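Student: Show me the folded form of this:
(2 chains)
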Amino acid sequence: MPKFVILDASVLINGVDLSARVAQVEVQMNSDDVDVSTMGAGVHQHLAGLRADAYIVTFLSDFDAAMVDATLAPLQASASSTPEFPIKVRAHQTAVSSINPSFECLKAILLTYSPIAGAIGARSETQVTFPSNDMITRHTT
Amino acid sequence: MDIGVIREGLAEMLKAVQDGLGKPQIFPYAMDGPIVPCIRVLRPDLIGYDVAMQGGGDTIDMIVQVLVGNLSEIDSQQLLDSYLGRGAGSVKTAIEQQDPASGARSLGGRVDDVWVRESTGYRVYTVGGAEVLGAEWTVQVETTD
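Tutor: Prediction:
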């Protein structure tokens, strides 16, 4: 697939397609940087540590049924419950393929959620970070 | 986003202005030879497409214009003052009426949200060769279809 302007990304949170309320999305696939430097090397040496994957999504606020707040609020973790739920993100609405991979996890969690966040006159948006308790994996089928 | 529907919605909401002074005629489009006082949904201005993924929303600025009459007449100035304010006959208050069912400012359910962002204040326009006192408002409309 050639270069593109991102306009039609697909974002499914716990099976709910919230794409049309997503203004920005980022898939982060990170490993901790573990320093294993030794004497005489003269440089820092690195090994990959634990994965720390996450999705960062900016939603346009919507309190209608089956939209942003109705989907996210029940997923918020508390001291007694940490719901884990799947997230699937791909760059285009078209079917998953080798040129439109889907980045998926099964155990995303929601620790911090601001249902209302905005200054007067600004579009009501809220940015949410979904850490993943498993690795985000790349699917082509 | 159907701009014609937005024009109709603005014109319908603006009927509330007729409860105030002046009983202006209201037009959803700019027309030649307007008889003052009148309110016209003049034109769409800046349009922002795709504020969300998959065509999930657009933002459009609509320009609403009021023409009240001779700029040296006190009546014209009092009329324009009422349109510019927030009391009876206010253009801003009329457009931002809440839908009784949903509580949303939605032009009668036609759009997601509407906000009268600013007004030019007093301006003088040339209409049919005559100078006419008036003002314009910028109305920010949010849509999702």
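Student: all helices for the chain, in order.
Tutor: No chain was given, so I picked chain A. When assigned using DSSP state H, the helices of chain A occupy the ranges A:68-72.
Student: my bad, chain B
Tutor: Counting by DSSP H, one finds helices in chain B at the ranges B:3-14, B:74-84, B:91-95.
Student: Distance to B:S102 for the ones you listed - can I get that in a markdown table?
Tutor: (Glycine included, C-beta is placed from N, CA and C.) A markdown table is the format used below for the helices of chain B (distance: least, CB to CB, whole Å):
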| stretch | distance to B:S102 |
| --- | --- |
| helix B:3-14 | 14 |
| helix B:74-84 | 27 |
| helix B:91-95 | 16 |
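Student: so which of the ones you listed is the most packed in?
Tutor: helix B:91-95 (a mean of 22; mean count of other CB atoms under 10 Å in any protein chain shown).
Student: Who are the packing partners of it?
Tutor: Here helix B:91-95 touches helix B:3-14, strand B:58-69, strand B:113-119, strand B:130-143, going by 3 or more CB pairs under 8 Å, 6 or more residues apart in numbering or on different chains; DSSP states H and E.
Student: switch the cut-off to 6 Å
Tutor: Helix B:91-95 sits against helix B:3-14, with contacts defined as 3 or more CB pairs under 6 Å, 6 or more residues apart in numbering or on different chains; DSSP states H and E.
Student: The helix it packs on vs strand B:130-143, what angle?
Tutor: 110 degrees (axes from the mean of the first three to the mean of the last three CA atoms, to 10 degrees).
Student: quick one, phi psi at the residue of chain B found nearest chain A?
Tutor: Taking CB to the nearest CB, chain A has its nearest neighbour within chain B at B:G56, 3.2 Å off. Phi and psi for B:G56, reported as degrees, to the nearest 10, are phi -70, psi 0.
Student: Next, the contact list for it, please.
Tutor: A:A20, A:R21 (CB atoms under 6 Å, 6 or more residues apart in numbering or on different chains).
Student: Done for today, thanks.
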